[in-house]
Structure formats: C-alpha cells, structure tokens
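Trainee: I'll drop the sequence and a predicted model, then ask my questions.
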Amino acid sequence: MNDYINLHDVNLFYGTNQALKDVKLQAAKHEITAFIGPSGCGKSTLLRCLNRMNDLIPNVKITGEISVAGESLYGANTDVESLRKNIGMVFQAPNPFMMSIYDNIAFGPRRFGVKSKAILDEIVEKSLRAAVLWDEVKDQLKKSGLSLSGGQQQRLCIARALSVEPDVLLMDEATASLDPISTMKIEELVQQLKKDYTIVMVTHNMQQAARVSDKTCFFLNGEVIESAPTKTLFNNPEDKRTEDYITGRFG
Amino acid sequence: MNDYINLHDVNLFYGTNQALKDVKLQAAKHEITAFIGPSGCGKSTLLRCLNRMNDLIPNVKITGEISVAGESLYGANTDVESLRKNIGMVFQAPNPFMMSIYDNIAFGPRRFGVKSKAILDEIVEKSLRAAVLWDEVKDQLKKSGLSLSGGQQQRLCIARALSVEPDVLLMDEATASLDPISTMKIEELVQQLKKDYTIVMVTHNMQQAARVSDKTCFFLNGEVIESAPTKTLFNNPEDKRTEDYITGRFG
Amino acid sequence: MQQTNSTASKMSGRHWRLMFSDQVFKWFCLFSAIVLCVVLFSIVFFMGKTGVLTFEFVKVTEYFFSLNWNPGFDETATYGAGIFFIGTILLTLLTLIISVPISVGIAVFLAEIAPTRLKETVRPILDLLVGIPSVIYGFLGLTILVPFVAKVFGTQLGDGLLAAALVLSLMVLPTIGRISDDSIEAVPQKYREAAYAMGCTKLQTIFFVVLPAARRGIVSAIILGMTRALGETMAVVMVIGNVPQLAESLVQPTSVLTSNIVMQIMAVPFESTWNYALFFMGFSLLVVALLLIVFVRIINNRSEVQ
Amino acid sequence: MQNLKDFKASKLAKIFNQFFMVSMWVLGIITVFFVLLLLFLILKDGLPYVTWDFVIGLPSEIDAGGGIGPMLLNSFYVTILSLLVSIPISLGAGIYLAEYAPDNKLTSTIRVCVEGLSSVPSIVFGLIGIALFVEYFQIGLTIIGASLSLAMLNLPLLTRVSEESIRAVPHSYREGSYALGATKLQTIFKVVIPVAMRGLITGLSLVAGRAFGESAVIILAGGVNASAEMWDFSLFSPGGTLAVHLWYVQSEAIVPDAKEIAHKSAAVLLFVVLAINLLFRIPLWWMERKMK
Amino acid sequence: QARTVSGSITINGSSALLPLMLQAKKEFTARNPRVKMAVSGTSSISGPQSVRRGVAQIGTCDWDASTNVPGFKKFDGLVANKVAAIPFATIVNSANPVNNLTQQQLIDIYTGKITNWSQVGGNDAPIVVVNRAFGSGTRVNYTAKALNGATIIRSGANYKEASSSGVMATTVRTTPNAIGYIDLVYVTSGMKALSFNGVAPTVANVINKSYPIWGYGYMMTKGQPTGATKAFIDFVQGKTFQNGAVKKMKFIPIGAIK
Ligand SMILES: Nc1ncnc2c1ncn2[C@@H]1O[C@H](COP(=O)(O)OP(=O)(O)OP(=O)(O)O)[C@@H](O)[C@H]1O
Ligand SMILES: Nc1ncnc2c1ncn2[C@@H]1O[C@H](COP(=O)(O)OP(=O)(O)OP(=O)(O)O)[C@@H](O)[C@H]1O
Ligand SMILES: [Mg+2]
Ligand SMILES: [Mg+2]
C-alpha cells in the first residue's frame, strides 16, 4: 500500500510554461504526505493534478501517469466527478458557500442524490463532529456559513469536504490564514482524520510539516528534489538544496 | 520615550458589540511592539485605532485617549490625513494599486504635493531600497504592481508605506500569506526599519513575535491581558491565560 | 528631498483645502443622487398632475377596471384603460419569460463556458445590439418578424403581443445578458473551485453555487431589462397592432400602455379628457414599474441568506 | 445511514450536464449567429452603397442622392452633449450610492428611483423636453433641448452601472489608499475609479450607443431636421439626428430613393455604434497593455 | 426684398407634410440665410395645438383646423394657409386581383359589413383592414371623402392601426389580404392603388375633379402671419415653389385646382 497514490513522470505545462518537471512520487494510504517548497515551485499545481482541478484551467497540458488506488486518474474513461468526490480538497482561504452552515455540508450529499432529511441531518452532524465544529455551531445550523470566524470557516470547509466521504483529502495551505489556536485545532483534526483518510497537504510552515506529516516532499522549480519520511528529510536531508531550504527555517 | 505611543482606557464598540475593553498600553520609540492573541480578540481593531482607519467603518464608537508623540489622535482638530501619512500601515493581504510599480510608490508623495519628477524618482528608489525590493524591480518600474509575486507585492506595499516617511509603521499580519523565504526577508527588513521607525505589528505566529519584537502584548476578548518585554512575556508570563496561550504554541 | 517629518498633525492650509474639496465632492455626489430622484419625482408629478384631471370626468373604477377604451369628444366616450394594463403586464411577463432564460443563458455561456477568444468577440457584438436604434428593431420586426409570425400561426396579421415580446426580448438581451455576465464573472473563483472539488458537474456548480452568488447582479440586470421593456415605445408601436382590444391570442393586434400613449398623445387636443387619461396612463405606468421594482427587491431580499 | 463512500456521480447528473453544455453551446452559437444575421440584414442593403458624399452630403427631399451629413453630425453632437451632462451626474450619484450612502431606507429609495427612472417611456422625456425647452424657455426645437432631454434618459442606466462597478472594487484598495493619508476624494479618483474603469466603460458604451440610436425623444425635443449646412455647431440649430432621419425616411419621406437612404442610414448608424464601442475600448486596451 | 427678412420659425405638425416643409425650409433659408428654421412633425393635430400654445409659428395640418371636422373642434383665432392639395389612394397588396371598389363597398369594408374579398370579386380570403391612428390627417381626409364620414370598426383579429405612412405601406406590402389607404405619392412597388368608383387615383383625375379623395394641406398661423412667417408662407404659396417642389413631390399645386 505504499504507493496508494502514485505519480510517474508527470509534466505539466501552463501554455508553454512548464510548471512540473518529471515528477515521480508515491504516497501511502492512511498517511499524511506534506509538500513543501518556496512559493511558485508547483506544489499547488501538483496537488491540483490529484483531483484534476487543473482541467478547469484552459491551456493546461499534462503528461505522465497519476493513479490512486491503482486506478489511473487521467484514463480515457475516468469519471471526473466521482473522482473529485473521492478526493476531497480544502483550500488556502476558507471558501464556504453563501448558504447556511447546514446547507454547506448538505450540499455535496444532495448533489449525489441524498434527499432524505434524516440522512442529511445525520451526515451534517457526523461531518461537523469529524471536523470538531459541531459543538460550536450545533445551535445555529441555519446561520450563514460566512458569519463564522476564519478558523471556524476553515473547519466548516473541512467538514464539507468530509461530507461525501472521500478516500483522499487534499489540503492546500489550509491553515495559512488562521491563528495558532485554530491552526492547532486543525492540525489535531488532521492527525485524527488520518485514521480514515489519506491526506496530502501543502504547507509553507515547515514546522507544521515536521509536526504533522509522515512523509515530506521538497519541491523546487517544478521538480521533486527530495521525498522521504519526514524525520529523515528534516534531520538528514540528502540534497544540498533541501538542506539549504530547511535550515533557512524559523525558530 | 517609553510611551511614544500611549493608549489610555480605550474602549471600542462596533454598534453595540464591544471589541476593545479599557485598553491601556505603551509602545516605545524605535522599538517593535507585537500584538498576539487568538482570532477575533481585537488585535486588528486596536491597530486600526492607531491610524484612525476605524473611522471608515460606520457605527464605530471609540472612547479613551490615544496619543502618539504626545499628541492626541482623536482631538477635535486632528488632521486625519496627515496623521495617516505619519502612521503608515501594511495589510495582511498585499494590496498594491492597479498601477505601475513606480506609481504605486509615487502615489503617497504625489497626494502630498510632490510633483517634481526628480524628487519622485528619488523617493521611489529610496523606498524600494528600504524595502529591499529595488534590485529585483529596478528595470521594470513601469510594470504593474499586480504582476509581482506575493512576497514582492508585500514588500512593494511596505515600500509604499515608507514612501511618505512615516514615524510609525503598523503591520497587520503582513507575512500571513507569504512563504518562509519571503517571510524571512520581511522579518529582516522589519529589523532594519526599526532604526528609523516605530513599529507595531499584529502576528499570528508567536515565533515571529518572539524573533522580531521588543515588546509583546497579549490580547484576549478585547482586553490586554499582559504586556511586557518579549523575552519576559515568553519566558515568564505572569498571567495564567498568557501562559496557556503561548504554551499551546508550535515548534 | 523635501518632506515634512513631524508627527504634528496640525491643520495646514493644504489640509483645509483638501477637506473642503472632499466635502464639496461629497455634496456634489449627494446632489447628483438627489437630482435623479428629483427628475423622477418631477416626471411623476408632471404626469400625475395632468393625469388626475381625468377623474373629473371619468370614474376611477371605470378607468381601471373597464375594458372599453373608446375616447372621443362626445357623451358616448368611455375611458376604460383596463386593456392596456392587462396588455402591459402580459407583454412584460412574456418578454421576461422569453428574454430572461436566453439572456442569462448567454451570460452563463459567456462567463462560464465560452473560450476566451469567443468571449472577447461576442461581448462587443452584444454591446452593439444596444446601439441599434429602436426604429430599426421596429422596422425589422415589421418587415420580417410580423409576416413570419403570421405564417407560422396561419393568421392574417402577425402583429400582437408575441411579436412585440420577441422584439423587446431582442432589445433587452444585451442589457440583461451583459450585466448578468459581468456579475457572474465577478463571482470569486474560490466558490467554483469548492464546488468542483466536491465532484459537482459544471451544471451543478453553475446552478447551485455561481448563479446564487451572482444573484444580486442578475436581479439588477433583470430589473433594468424589465424597465427598459416597460418603457420602450418606438419599436412596440410598429409591431403590436395598436388596437385597444383584449388580446384573445398572442397574435391578435392589441395595445399596451406605452404604445397607446405614443400613438395618441401627440394626436389629441390638450385640455381634453382624452389627453388627461393618456397622461394618467403614463403616470400609472411609472407607478406600476416602481411597484414591480419594489416587489422584486423585497422577494429577492427575503430569499437571501441572512 | 447510507455509505456515501460508494456513491458515484449519478449518470443522470452527467447526462444533464452534457445536455446543458450542449444546449449552452447551441444557445450561444444560435445567438451569435442570429445577431450576426441581424447585423448582416441591416448592413447588407446599405453598407456597400455608402459613399463619402452620402455621409457628409446634405439631405434632399425631392431628388435621389441626398446625404445625411448634418444629421450624422447632430447625432455626435447631441450624444456627446447629453453624455457631458449625464456623466457627471450619474457618476456622482453612482459614487454616492456606492461610497457614501448609509445602508438605510433612504438609500434604497434612491435606488428604486434610479431604476424607476429607467422605466420612463422615452416619449415622456420628449414631452418634458417640449414643456421645458420649447414652451418654458422658448428656445424652439434645438440641439441643446434635444441633448438635455436625452441626458435624462441616460441617467438611470449610467448611474446603475457606475454604482455596480465602483462597488465591485475590493475594499483593500481603498484601505491601502487611506492608510497613506489620501483623502476620500483622492482615493476615489486615483485608486477606485481606475480599477472600476472597465465596468464604467462598458456602461458608457452601452449608454452612448443607446443615446446615439434614440429617436422618440429627439423628434419631440429636437425636431426632424438638422441644420441646412454642414459643420454647424450652433447649440440652437435644429436637433434632428440620424436616428430621427432614419425614422423619417422610413415613415414619411417622399424622395424616390427613400428606401436606399434608410438602408444606408441604418448601416451608417450601426457602423458608428460599432466604432463607438471600439473607441471606448481603446483606452482599456491601452491601460491593459501598460499593466502587462 | 425677401433677402431682408430675418427671424426664427418653428414648424410642427403633420408628418405627411413634413417632406414638403423640409424642402421649403431648404429653399427658403437658402434665399434668406438670416431666418432660423426648425421643422418637426408628429401628427396633424399637434400643428394647430403647437401654434395655439405658442410653441410653433406654423402648424401644418392636413385639414383646415379653423373649422370643425369630425372628431376635432375648430381652433379659434387660427388662420389657415393652403400649402398644396394631397391626393389619397386606397391600396391593396399587389397580388390582390381586385382593382376597383365602389364607395359603398369601401364603406362596408371599413365598417365591418364586408369581411371577405370574395364579396367584392376577389379571392376567398378574409379582408385585413389597416387603418391609420386617430389624429392622422390622412385618416381624417380619407374618412371624410372616401368613407363619407362612416365610423370605422375598432377591433377584431383582422384589424390594425398603423403608426405612420411607412408602417401602412409595409403592412400592405407584406400582408396579402390587407387593405389600407395612403398618400398617393407613397404608392410604390408591392402594393397597388385601387380605383374609386371606377376612377383611377391620378393627379389628373384630382385636377379634373373626377377623383374625390384628396384634401388640402394647411399651414396654420396665429392670426394673419407677419414677418418671417409671412415671408415663408408667401414663398410656399408662390409660383416657384408650387410649380417646382410641390409638383416634383407629386402634390398638386393649389392653383391647379379651380
Ligand atoms: N493558472 C495558471 N496559469 C499559468 N501559470 C500558472 C497558473 N497557476 C500557476 N501557474 C504557474 O505555475 C507555477 C507553479 O505555481 P503553483 O501555484 O503551483 O505554486 P505553489 O508552489 O503552490 O506556490 P505558492 O506557495 O505561492 O502557493 C508558478 O510559476 C505559477 O506562476
Ligand atoms: N467591521 C466590523 N464590524 C463589526 N464587528 C467587527 C468588525 N471588525 C471586527 N469586528 C469584531 O470585532 C472583534 C475583533 O475583531 P478583530 O478583527 O480586531 O480581531 P483580530 O484579533 O484582528 O482577529 P484575527 O486574528 O482573526 O484577525 C471580533 O469579534 C469581530 O467580529
Ligand atoms: Mg500554492
Ligand atoms: Mg485581524
């Protein structure tokens, strides 16, 4: 199961501008894989390959092989919608929909055909509990999702992603705009979620990668420079560039 | 000079909702003061009192005394524009204007009546140098400020704030959306700027506060819980709540 | 380098000048907004003042509820404007039914689906439609659409509500389409990303996320389109048939408030009941439009998430 | 509880989606095709025959071969004058609504007024034009009367678009400017309006196009004829525009080539509106190029 | 002597007389550059009304507005000055086999008694009656002279009112079974003018008084015209204009009818 997510020679071009170069990478099931690297090195781009969000950008060309659980993502017959359902995503800035908290969570299940109020109620509670938000909002499910604080909004977005029971959760700097307490809550949450989900996260915060992840990949200019168990990478980086980057680190 | 910035019993209400409660606080000249605290505790609100940005929000009521260099900010005859010029501000998300890099910097001086091209050129160069951006953009001053990368944009905003030679620089989570390398650059920059400016910064990153600031104030629910030299506050917090907060910390 | 460097925030001459121009500008803006209201109210007053004289000669109930519009200068004259009210409402509804799906569809197509190149070509072309004089629309309607409608429906004449609604729909297409387009475009990408990332199809994303988020702008576009349709005159008179009768079908000549006003207002003596009645029709049209706008706004606000 | 894990995107949703995409493309293509057809219909009988003599020539009532010069000139003149009057007011009102107006009943009343104004039938503005300029000020049917009446027609749409596009400017721009000590006025003119320019220009070209093609107001307040000579810039000359002339040749003119004149006038009108659209975009292109 | 005139004249009123007035303005101002003239036209009735309100110096009208006509009261204090005689024609689509209608047939058609072309010797097809709007001078003249003042029908699926001569012409041209009426000059391709009681609508037949459907166009003034207005009216009624433009535009000079 060590190659639950498997990337082979992935190249990606925005127009003529190559953003990913021969990326090879594996991620194991029920582990947390972190992507680190300076801004613009292609972390988000790669993450977005994993649920084919890049399809939405015009003039993107992708070559190579990406598979999850043995199934090729870019196969001719891939059902993109089901794929995205199974590979949830949380973004840097919290982006709850302009609807009530309840509707935000029920949104996904409804799209996939769940109509019964009872089941929806159940899903909403379960997802909010999983995202450790239930206790804070259980009395105000009718309130707009936008009325929550930043940290709460981000947990709402995580709950929303969990509502359709994905296998994989992609997180693109999901704590970048949050305060330490919210960040900590979300880090704890991620650790818990690991039991049920395979998680790939992008982070700017090397401490976060060190604290949370099982495996870390260091990117530079669209290339994977080094990819190793987190401990190894932070303590004994093989590549000079990795070392340079992580020693330029904070506190 | 230990009370260059002086707040006395400041209360602030958004409508009926009290966001600041009896805030007392001093900040010394040519020092860096950091505000920390969980989300929603009123850090930004207080920071925005210092250059009267809260005036722009309807239904805000402020009581108490705030003075900078001995002059009351909320006096009846205060010239708000000159005040804001003297107390620069940098925001969380970089917000360069939709103009060229040059015009972004020249904007402030022009507003205050500087017309001569030669002087403007000089100000632009000086400010960009001060913000350690000059070398990166000196050949493309005509390019739009929006075409820069995030970290560059933020330094552009700092340069813009410096262009009118303020006395005080307020920074509201100015590195929150940046990668570590850009963050480091800006932290270094702030350390340098200390020589000429008095700096008040809000940060979510306690390490940042610990690394950069001379004095730290811890906020909770609109109150200043503790305010002390940074070393003291982080090593020997007096208040139990401060300790709880900073030991929930990272790293 | 000439720069002042005092923390002193004292009043300078320059400051007063700036404050002064700031205030003057604010007052100018307020004044402008008031000018708009004054223009509207003077029009309402101008129409209303003359219009109410109608009721010295005509019963209010007859005016509003009678379907018999038979004005003239003798005792047999009747001034039932009911037909025109019904016609106006029908025409507006019909126009909205035809134009809203198409215009919003076009907006969705432009903002969400069409490739950039196509967008950039189609938008100016749509803008162009606004500039086509209503006379041309009317004339094309008369020479091409009306005979076509007659042929399709097997009637002798093609004039009527349908032809008018089709012409109006074409006229409001750019207004509704382009303004909706802009507001759909303004919906932050993050909402779309969130929806796609949940496995939504494009259709679901557009319907459940994008359009609700753009609703404010779309409603505003529809109101503007609707009011333009309500107030449009030159093209409507050419294709509606101008007969003061209750339309039994969509292809029977009939008349609406505006077309009746245009046809007759320059053709009747001043200081006649007929003239007053026409002014009152203009007045009522405005009132109806204002009520409709308020109504749409209330509905829209009520359904918005608080 | 159902296990959502095994849920797949439903076939139906996909079919709907496919159907939707196809119908959107069909709608898009049909509309584009239709609009092009419309333009073709308007242009085909006119554009090939438009000559310079026609464009600047004087009209004729009896003999074939008359031109549209003074009317075309008037069209520009009246449109520009009306915009000169309506732009400051609309922009002012738009700025007021977007930047100053408190969020209260009065403000929403103003907004309803603005929208209400756009439902006023154009002929009513004409009637007001007559009452005001012809009857009260006794200046007769003139360019100035036509322009001012037309200006009232421009107000609502222009105001709406100004408000919307100014409102759409992110708050962070304003904050950046205020924090530098700029006054509200400076912020609005130097920071907000440049960002809102795109929307403003769309609105402006819509309004200019509409004003250019308006006839009902002008027939009443400006008359059906234009000055008898070319390049007459007097504000008190008769204010008939090309759109009015088009109406006139379509409805009443006797000249043997009325039909041809109508076609050619329509073509010229459309062509000018196209030119206006392009013209308004030039500064945008220029701005965008500069921003690269 | 005419060259010394100056002043300003606003003409408003009949749209049917617009072309003639525009031409007159052109010729007149060429001779009298110091006279400012503006011409507009919406409907006949607005002519005398504008004059009475003082909005225009000359109000053109297709009937003599200083007398009562059916539907319109006279305007006191206005003076009527003839411009030209205007012949009107009954028109049908050019595909219609009917070439002639008697006055009674016309009246029956316009009052709704005859509704099928077969009743007047045409195809078996319903008759579509096209009327001009109330206030149109053409309508006033046509009703008075062709229909003997009969009351025209006001409703029905095969009845419509046209807002201008152009719309009338187009409707008849594009509607196979339509019948309408229009100034003789506007009769062009796609339609044909019917004989009235066997007499073809021609200028010659109007002059020899065998074709009765015609009327004078008038310039109404407040009292006797003076100054520039008088000069203009004199010019319009003068030989040069009457034998020139009036004839060319297929109106009939006032002098031609005895
Ligand atoms: N939509 C796009 N079109 C064109 N180029 C793009 C697009 N998105 C990203 N890029 C380019 O691809 C490269 C990688 O971008 P990416 O967003 O993946 O970086 P990142 O590592 O996520 O950076 P950050 O830490 O700032 O989020 C960058 O050079 C960027 O300019
Ligand atoms: N414009 C406003 N109107 C009403 N309430 C406001 C406004 N801005 C902030 N508040 C409220 O004031 C309180 C303090 O907000 P503030 O933004 O100062 O917190 P903060 O400490 O900066 O939080 P963060 O770390 O999330 O930026 C919060 O409860 C917030 O909801
Ligand atoms: Mg990224
Ligand atoms: Mg804050």
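Mentor: Thanks, I have it. Computed from a predicted model, the values in this text were never measured in an experiment. Ligands and ions are numbered 1, 2, ... in the order given.
Trainee: and residue E:207, what does it touch?
Mentor: E:252, E:256-257 (Cβ atoms under 8 Å, 6 or more residues apart in numbering or on different chains). Yep, even glycine has a C-beta here, placed from its N, CA and C like the rest.
Trainee: which residue packs closest to residue E:46, ignoring adjacent ones?
Mentor: residue C:266 (4.8 Å; Cβ to Cβ, 6 or more residues apart in numbering or on different chains).
Trainee: rewinding a little: if you rank the contacts of residue E:207 by neighbours, which is first?
Mentor: Highest neighbour count within the contacts of residue E:207, by other Cβ atoms under 10 Å in any protein chain shown: residue E:252, with 21 neighbours.
Trainee: residue A:128 is in contact with residue A:189, correct?
Mentor: No - in this structure residue A:189 lies outside contact range of residue A:128 using Cβ atoms under 8 Å: 11.6 Å.
Trainee: who's more crowded, the two?
Mentor: residue A:128 (27 against 20).
Trainee: which parts of the stretch 151-300 of chain C sit against chain D?
Mentor: C:170, C:173-175, C:178-179, C:182-183, C:186, C:199, C:201-204, C:217, C:220, C:223-224, C:226-228, C:230-234, C:258, C:261-262, C:265-266, C:282, C:285-286, C:289-290, C:293-294, C:297 (Cβ under 8 Å from any Cβ of the partner chain).
Trainee: mark which of these are buried, thanks.
Mentor: C:170, C:173-175, C:178-179, C:182-183, C:186, C:199, C:201-204, C:217, C:220, C:223-224, C:226-228, C:230-234, C:258, C:261-262, C:265-266, C:282, C:285-286, C:289-290, C:293, C:297 (16 or more other Cβ atoms under 10 Å in any protein chain shown).
Trainee: show me where the chain has its strands.
Mentor: You didn't pick a chain, so chain A it is. A:5-14, A:17-27, A:32-36, A:60-68, A:71-72, A:87-90, A:168-172, A:198-202, A:215-220, A:223-229 (DSSP state E).
Trainee: could you do chain E instead?
Mentor: Counting by DSSP E, the strands of chain E are E:7-13, E:35-39, E:58-61, E:78-93, E:100-101, E:128-132, E:159-162, E:178-183, E:191-196, E:214-222.
Trainee: what's the closest of those to residue A:153?
Mentor: strand E:159-162 (61.5 Å; Cβ to Cβ).
Trainee: helix or strand: which one has whichever residue of the stretch 1-150 of chain D sits closest to chain C?
Mentor: Residue of the stretch 1-150 of chain D nearest chain C, by Cβ to the nearest Cβ: residue D:92 (3.0 Å). Per DSSP states H and E, residue D:92 falls inside helix D:69-95.
Trainee: from the residues of the stretch 151-300 of chain C next to chain D, which land in helices?
Mentor: Judged by DSSP state H, those include C:170, C:173-175, C:178-179, C:182-183, C:202-204, C:217, C:220, C:223-224, C:226-228, C:230-231, C:234, C:258, C:261-262, C:265, C:282, C:285-286, C:289-290, C:293-294, C:297 as members of helices.
Trainee: what sits closest to residue C:37 if chain neighbours are left out?
Mentor: Using Cβ to Cβ, 6+ apart, the closest residue to residue C:37 is residue D:113 (4.5 Å).
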